[in-house]
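Trainee: Okay, sequence plus prediction incoming.
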Amino acid sequence: MSSGYDVVVVGGGLVGTSLAYELACRGATVALVDRRDPGRASDAGAGILSPETTWRTDDVWVPFAAEAGSHVATLAARLAEEGAPDPGYARTGLFTVSLEEGDEPWFDDLAAHARARAPGVVGEIPPDEARQAVPVLGRLRRVLHNPAAARIDGRVVTAALRHACQARGIALVDGDVTGLVTAGDRVTAVTTAEGTLAVGAVAVAGGAWSAALGERLGAPLPIRPVKGQIVHLKVDDPGLDPAAWPIVQPVLGHYLVPWPDRRVACGGTFEDQGFDPRPTTGGTHELLRECLKLAPGLDGASLVEVRVGFRPFAADDLPVLGAIHPWENAFADTGHGADGLLAGPYSGAVVAAAVLGEEPSLTEVARRALRTFSPARFAR
C-alpha cells in the first residue's frame, strides 16, 4: 500500500464508497478507510428512490433529489459496464396510499406536490387497480402512482461500488482512524492502525459516526444517529410474485419494498436510541403490525430477518456537503438522514468535484446544494 494519496476518504458505507469511486474516476489516487461499524445505514436501508414524492418542499433539496435519482440510474449502468456485480437497481414504480379518512389532508398535499414535480407522470389510480397489481394489499382509500420510482439494495450497490473501487486501484484500508496530522490550515496525514497515510485532502463520510471525526478537526459536524429497524419477509405462496410488485408507501405508516428473491422489506422505525444495534421485540412488533395493516395478505409470509441501521441526521435535517471550515483540504459528505440511498451516490460525485476543485463542471443545482448544505452553516 502506498503511503501517500491525493485523497483519503473516511467511511466505507454507500456514501464514502461512492465518493472514493467518483474521485478515482476523476483521476485521483484514493484510500478508503472503513472500520465496518455494525448498523451502517446503507446495510439496512430499503432503497426507495422516488424524488417525485418526497415530503420535502424546499427549492434546494427537491431539484437536488431529482438529479440524484437520475444519477443512480446512470451509476448502475456505469457499474455494469465496468464489470461490477449487479447493484440491484430496478425501476418498479411506487404506490403512495391513504388508508384512513384522517390521511386525506396528507395525501392531498403530497399528491399536489408530486404532480407539480412530475406533470403527466404521477397520477391517481383506482384502489382496485392497485390491489390487482399487489394482491396482498387490504382496504385502500386512495392511491397515487409514480411509475418513475425505483429501488436499490444498499448492501448490494455498496458491494458493487467496492468492487469497482478495487478495479480502479483504490486502497481499501480496514480499520479506525486513530489521528490526524496537521500543519497550519491543512491536514497532512491520516493515521490508522495500518500506518500513516500522507494526504492531499481528507473527506469525512462517516455517516452517523461523523461527529467524532468533526471533533478531531475541531469543526462541528452535528450528526446524530436515528435508529431504524426493518423486517424482511419471504413470500412462500407460489401464487404470489413480489418481483412484479411496485413499492407501496402509505402517507402515514410503514412502506413495503418487494425484491426478486420473493423477499419483501417492511420499514422502518424511527428511534432515538443512540448506537444500539439490537433488533428489538417492540420494533419488530410495530413493523409487523403496520405491515399487516397495509398488506393482510402477507400474514403467511416467513420472517427472515430484522435489519438495524443508524440514519445520519444533521441538526437541521439537511445533508452536510463540501469544505469544512477552517481547513483548506478537509471535506464532508454526510448527514443524508433517511435519504442516503437516493442522495448518497450523487453527493459522492458532487463532493468529489469540490475536493478536486472542479465545481464549475457541476450543474447549477449541485453548486447551489454545495453552498446551502455546507458545513460552514454550523461553524457560524
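Mentor: The structure has been received and is ready for your questions.

Trainee: And stretch 172-184, what's buried?
Mentor: In terms of neighbour count (16 or more other C-beta atoms under 10 Å), stretch 172-184 has its buried residues at 172-173, 176-177, 180, 182. No exception for glycine: its C-beta is placed from N, CA and C like everyone else's.

Trainee: Just those: which are in strands?
Mentor: Counted as lying in strands by DSSP state E, out of the buried residues of stretch 172-184, are 172-173, 177, 180, 182.

Trainee: Using the record's assignment, carve the protein into domains.
Mentor: In terms of domains, the chain is parsed into 4-45+155-222+316-379, 94-147+225-313 (source: automatic domain parsing).

Trainee: what's the distance between the longest helix along the chain and the middle of its chain?
Mentor: Criterion DSSP state H: the longest helix present in the chain is helix 61-81. Distance, stretch centre to chain centre, for helix 61-81: 12 Å (C-alpha atoms, centre = their mean, to the nearest Å).

Trainee: How about residues contacting it?
Mentor: Helix 61-81 has contacts (C-beta atoms under 8 Å, 6 or more residues apart in numbering) with 18, 49-52, 54, 56, 86-87, 89, 91, 117, 148, 150, 152, 157, 160-161, 164, 318, 339, 342-343, 345-347, 349, 363, 365-366, 368-369.

Trainee: Grab the nearest non-local neighbour of residue 207.
Mentor: Distance criterion C-beta to C-beta, 6 or more residues apart in numbering; nearest residue to residue 207, sequence neighbours excluded, is residue 312 at 4.5 Å.

Trainee: what sits against the one you found?
Mentor: Contact partners of residue 312, counting by C-beta under 8 Å, 6+ apart, are 41, 207-210, 223-225, 334-337, 340.

Trainee: What's the local residue count around residue 363?
Mentor: Residue 363 has 12 neighbouring residues, counting by other C-beta atoms under 10 Å.

Trainee: which SSE is residue 23 in?
Mentor: If you go by DSSP states H and E, residue 23 is part of helix 14-25.

Trainee: Which strands border the following helix or strand past that helix, and is each parallel or antiparallel?
Mentor: Proceeding N to C from helix 14-25, the next assigned helix or strand is strand 30-34, under DSSP H and E. Applying DSSP bridges to the sheet, strand 30-34 is found paired with strand 4-10 (parallel), strand 171-174 (parallel).

Trainee: Single out the most deeply packed of those strands.
Mentor: strand 4-10 (a mean of 24; mean count of other C-beta atoms under 10 Å).

Trainee: before we move on, back to that, would you indicate which residues of the longest helix of the chain are buried?
Mentor: Those would be 61-69, 71-72, 75-76, 79, for helix 61-81 by 16+ other C-beta under 10 Å.

Trainee: Give me the distance from the next helix or strand after that helix to the chain's centre.
Mentor: Downstream of helix 61-81, the first helix or strand assigned by DSSP H and E is strand 90-91. Relative to its parent chain, strand 90-91 has a centroid offset of 16 Å by C-alpha atoms, centre = their mean.
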